[in-house]
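> Below is the structure, and that's it, no one-letter string:
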């Protein structure tokens, strides 16, 4: 209550199912479990990236891990329990799949990143523009499945009201990040801070 309000769950409804296993344990243990999951995912992503980047892959594994943990967005995501590392995983798996000519798998991996659709769609649009049919097929297949999961979670009315809910949450002064734009370390925070300074 002292912080002003509880943060809203503004991600697509299907993502809530991913967190169901964590509600069976106390909050602090859920945090530790999610942290361990993120770290395990990070280790797996480093191994994939080392295969995709031969020259950098020659650097020792511990160096890669230190570099990841020293990269502010990754470190903050770990500390705050964000799902950004999962999105990074979608990008890395898609890159790895495209390199191996497994376009359908690449599309599936990208679709799983729809939990942060505003960050994902700019990477997906070029595949549609250039007609990568297998990537598109994989993406649409998994996207349809996620949409179906979202439908079972909140119903048709819930899905239709979701865009308005996100818009309201992003413009409501109840939430801390909408008041202090400089505290949001992303492009939105940067542009809004610069625009405010220009006034």
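Perfect, thanks for sending it. Since we're looking at a predicted model, the values are computed, not measured.
> Centre of the chain to stretch 131-146, how far?
18 Å (Cα atoms, centre = their mean, to the nearest Å).
> what is the rounded mean pLDDT of it?
For stretch 131-146, the mean pLDDT works out to 91.
> now stretch 102-111
What stretch 102-111 shows for mean pLDDT is 93.
> Please point out which parts of it sit buried.
Buried residues in stretch 102-111, counted by 16 or more other Cβ atoms under 10 Å: 102, 103, 104, 105, 106, 107, 108, 109, 110, 111. Any C-beta I mention is one placed from the backbone N, CA and C, and that applies to glycine too.
> which strands and helices sit next to the one helix or strand residue 40 maps to?
Here residue 40 sits within helix 27-52, counting by DSSP states H and E. Other helices and strands packing on helix 27-52, by 3 or more Cβ pairs under 8 Å, 6 or more residues apart in numbering; DSSP states H and E, are helix 54-57, helix 61-70, helix 72-80, helix 84-99.
> Let's see that with 6 Å instead.
Packing partners of helix 27-52 (3 or more Cβ pairs under 6 Å, 6 or more residues apart in numbering; DSSP states H and E): helix 84-99.
> after the helix it packs on comes which helix or strand?
Taking DSSP H and E, what comes next after helix 84-99 is helix 103-112.
> between that following helix and helix 84-99, how big is the angle?
Taking axes from the mean of the first three to the mean of the last three Cα atoms, to 10 degrees, one finds helix 103-112 and helix 84-99 inclined to each other by 160 degrees.
> to the chain's geometric centre, what's the distance from helix 103-112?
14 Å.
> So in the chain, where's the weakest helix or strand by average pLDDT?
Every helix and strand in the chain was compared by mean pLDDT, DSSP states H and E; the lowest is helix 187-198, with a mean of 66.
> Just the pLDDT for the residue nearest to residue 115 when sequence neighbours are not counted.
In this structure, residue 115 finds its nearest non-sequential neighbour in residue 15, 4.4 Å apart by Cβ to Cβ, 6 or more residues apart in numbering. With respect to pLDDT, residue 15 scores 85.
> Also residue 84?
At residue 84, the pLDDT value in this model is 88.
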